[in-house]
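S.K.: output the structure for:
(one chain, ligands or ions: 1)
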Amino acid sequence: MRLSSDTLAELPAEVAVPAYDREAQAIGIVHFGIGAFHRAHQAWYTDLALNAGEHGWAICGVSLRSASVAEQLNPQDGLYSVTERGGGTSTTRVVGAVREVIVAPKDPEAVIARIALPDCHIVSFTITEKGYARGNDGSLDISLAEGSFYPLLSEAFARRQAQGLPGLTLMSCDNLAENGQQLDRLMREWLKAKDPQLFDWFALNCTCPQTMIDRIVPATTDEDRAALEATLGLRDEGAVLTEAFSQWVIEDRFAGPRPRWEDHGAQLVTNVAPYETAKLRMLNGAHSLLAYCGLERGFTFVHEAIADAELRQLAHRLMMQEAAPTIDAAPDQDLAAYADSLIDRFAEPALQHRLAQIAMDGSQKIPQRWLDTAAWHSRRGDDCPAIRAAFRAWLAHLADGSLVNDPLGDELRALVANKGPEAVADRMTDGRFPSEFIV
Ligand code: CS2
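M.R.: Numbering: from 1, shown residues only. Model (predicted):
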């Protein structure tokens, strides 16, 4: 039997279920990229707000590519479970915030119509680094953007403008440096090129707050789903497994209303930069180091790589000697304590977080995870041995090719083959990699 509104009552008593009337909730949020990360993070916070009695914040999830999430969630009325694991315990809760999933390539009109409704106030994104359709120089690649969310949004803007409806908050929850500013800039580039008559409406009525989002969410496996079915007594195709920890820092710059996420642990601040920079350069930087150096040593999972004394030392060095000095920390940030807590989180064996999951899309991740740090030191005449070791492991990973999953994988492999790994590693600190090489 499958999890759905009709079977919710069959769940064991210790599994918390939505305490609110799901049908009575208007869709206030349209979310692009309804993968496991969104379901374990922003949708989870929004579900807490709905449970606390807020109204109007149901989520319409949009998949920009595959129909698989729609197939997982729609037959379940949008319901799915979030299981938090760690410290030898495991708790499961059913999240009810997601109302429906639309597959954009199949039904673009439905996506546009949802965003153009007066109930919609926020459009949010977890579409991964490559989803923003940036070219190698960071500007919008119009032909890539045609197949992404940009045309859907500009059509929805046109309808909102024609109806005299208020603007929207566009909230990027991806691991990009200055994610809000980048989204704002890219959206403006799109409008300038394709819909200039909407440019002023967007600039005057919409905002793109910056966010730092953090929760480790390993991809759910078939074994995970089967084990969960044995404990829940119901099949949940949309199940997500995660750690108990989560953090969300949001720039308080919304175009209209928003849920009171701060009542449920989110931090609403005026300046996200110190949190975002620390997270990208320390957590994600160390993650990518462990991924490439760990795979090179034959490990499969993050907890195995961090248990290796040399890799742990290298990850710690990357965080404290290399990344930390580049971060202009906020008064409440203790970067040494942060580094220690990250090592503890990486060491959690229950997460079964695969290094290969982190290793994908290196070309999109490495600039903000390592190269901004390396460039900072290079300007001062210093080297970054940990980042250099990680970078070499990435080049070896590319050259080997067997596990490479990267939109620039072929170009990068050819580049390493042509110039040699040392020459490529020597140029990594100029901050412009890979545009310097790939034209
Ligand atoms: C990871 C991130 O897959 C990756 O590249 O580094 O997804 C990481 O787990 C999250 O950013 C943690 O918040």
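
S.K.: whatever helix or strand Gly285 lives in close to the ligand?
M.R.: Assigned by DSSP states H and E, Gly285 belongs to helix 285-296. Yes: with CB under 6 Å from any ligand atom as the measure, helix 285-296 is seen reaching the ligand through His287. Heads up, the C-betas are built off the backbone N, CA and C, glycines and all.

S.K.: got it, and stretch 22-36?
M.R.: No: Stretch 22-36 does not reach the ligand (CB under 6 Å from any ligand atom); its nearest approach is 9.9 Å.

S.K.: next one: that stretch to chain centre, how far?
M.R.: 17 Å (CA atoms, centre = their mean, to the nearest Å).

S.K.: now the end-to-end length of it.
M.R.: End-to-end span of stretch 22-36 (CA to CA, to the nearest Å): 21 Å.

S.K.: one step back: so what does the helix holding Gly285 touch, helix or strand wise?
M.R.: Secondary-structure packing of helix 285-296 (3 or more CB pairs under 8 Å, 6 or more residues apart in numbering; DSSP states H and E): helix 302-306, helix 309-317, helix 335-346, helix 355-359, helix 362-366, helix 385-400.

S.K.: residues in contact with the fourth one?
M.R.: Outside of helix 355-359, the residues within contact range by CB atoms under 8 Å, 6 or more residues apart in numbering are 218-219, 287-288, 290-292, 294-295, 299-302, 305, 397, 403, 405.

S.K.: just the buried ones from those?
M.R.: 218, 287-288, 290-292, 294-295, 299, 301-302, 305, 397 (16 or more other CB atoms under 10 Å).

S.K.: touching, Ala390 and Leu318? I think so.
M.R.: Yes: the criterion here is CB atoms under 8 Å, and Ala390 meets it with Leu318 at 6.9 Å.

S.K.: got the confidence number for Leu412?
M.R.: Looking at Leu412, its pLDDT is 88.

S.K.: now it: closest residue in space, sequence neighbours ignored.
M.R.: Leu398 (5.1 Å; CB to CB, 6 or more residues apart in numbering).

S.K.: give me the number of residues near the one you found?
M.R.: Around Leu398 there are 26 other residues, counting by other CB atoms under 10 Å.

S.K.: now do Gly88
M.R.: Gly88 has 8 nearby residues by other CB under 10 Å.

S.K.: what sits against the closest residue to the ligand within the stretch 1-150 of the chain?
M.R.: When scored by CB to the nearest ligand atom, the stretch 1-150 of the chain has Phe37 as its residue closest to the ligand, at 6.8 Å. Listed by CB under 8 Å, 6+ apart, the contact partners of Phe37 are 126, 173, 213, 215, 217.

S.K.: now do 7 Å
M.R.: Residues in contact with Phe37, defined by CB atoms under 7 Å, 6 or more residues apart in numbering, are 126, 217.

S.K.: okay, strands next: where are they in the stretch 151-300 of the chain?
M.R.: Counting by DSSP state E, counting those that start in this stretch, the stretch 151-300 of the chain has these strands, from start to end: 169-172, 211-214, 240-243, 247-251, 267-269.

S.K.: elements contacting the fourth one?
M.R.: Packed against strand 247-251 by the contact rule (3 or more CB pairs under 7 Å, 6 or more residues apart in numbering; DSSP states H and E) you find strand 211-214, strand 267-269.

S.K.: write out the residues of the stretch 101-250 of the chain neighbouring the ligand.
M.R.: Residues of the stretch 101-250 of the chain found near the ligand, taking CB under 6 Å from any ligand atom as the criterion, are 175, 214-216.

S.K.: the same query, at a cut-off of 5 Å, please.
M.R.: Contact residues, the stretch 101-250 of the chain versus the ligand (CB under 5 Å from any ligand atom): 214, 216.

S.K.: in the stretch 101-250 of the chain, what residue is nearest the ligand?
M.R.: Of all residues in the stretch 101-250 of the chain, Asp214 sits closest to the ligand, at 3.9 Å by CB to the nearest ligand atom.

S.K.: what is that residue paired to in the beta sheet?
M.R.: Bridge pairing for Asp214 (DSSP bridges) gives the partners Gln247.

S.K.: can you count the residues close to it?
M.R.: By the measure other CB under 10 Å, the count of residues near Asp214 is 19.

S.K.: could you report the pLDDT at Ser435?
M.R.: Taking Ser435 on its own, its pLDDT is 56.

S.K.: returning to that earlier point: show me whatever sits in contact with both of Ala390 and Leu318.
M.R.: Contacts common to Ala390 and Leu318, judged by CB under 7 Å, 6+ apart, are Leu289.

S.K.: what are the phi and psi values at the residue of the stretch 1-150 of the chain closest to the ligand?
M.R.: The phi/psi pair for Phe37 (degrees, to the nearest 10) reads phi -60, psi -50.

S.K.: elements contacting the strand or helix carrying Asp426?
M.R.: Assigned by DSSP H and E, Asp426 falls within helix 421-427. Helix 421-427 is packed against helix 385-400, with contacts defined by 3+ CB pairs under 7 Å, 6+ apart.

S.K.: any part of the helix it packs on near the ligand?
M.R.: No: Helix 385-400 stays clear of the ligand (CB under 5 Å from any ligand atom), getting no nearer than 12.5 Å.

S.K.: nearest to the ligand: which residue in the stretch 251-400 of the chain?
M.R.: In the stretch 251-400 of the chain, the residue that lies nearest the ligand is His287 (3.7 Å; CB to the nearest ligand atom).

S.K.: restrict the helix holding Gly285 to CA atoms and write it as CSV.
M.R.: Only the C-alpha atoms of helix 285-296 are listed here, as CSV (Å, rounded to 0.1, in the frame of the first residue of the first chain):
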residue,chain,number,x,y,z
GLY,A,285,35.0,23.0,-0.1
ALA,A,286,35.8,20.2,2.3
HIS,A,287,33.1,18.0,0.8
SER,A,288,34.5,18.3,-2.7
LEU,A,289,38.0,17.7,-1.4
LEU,A,290,36.8,14.5,0.4
ALA,A,291,34.9,13.5,-2.8
TYR,A,292,37.9,13.6,-5.2
CYS,A,293,40.7,12.6,-2.8
GLY,A,294,38.4,9.9,-1.2
LEU,A,295,37.4,8.3,-4.5
GLU,A,296,41.1,8.3,-5.5
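
S.K.: from the chain's centroid, how far away is it?
M.R.: What separates the centre of helix 285-296 from the centre of its chain is 18 Å, taken as CA atoms, centre = their mean.
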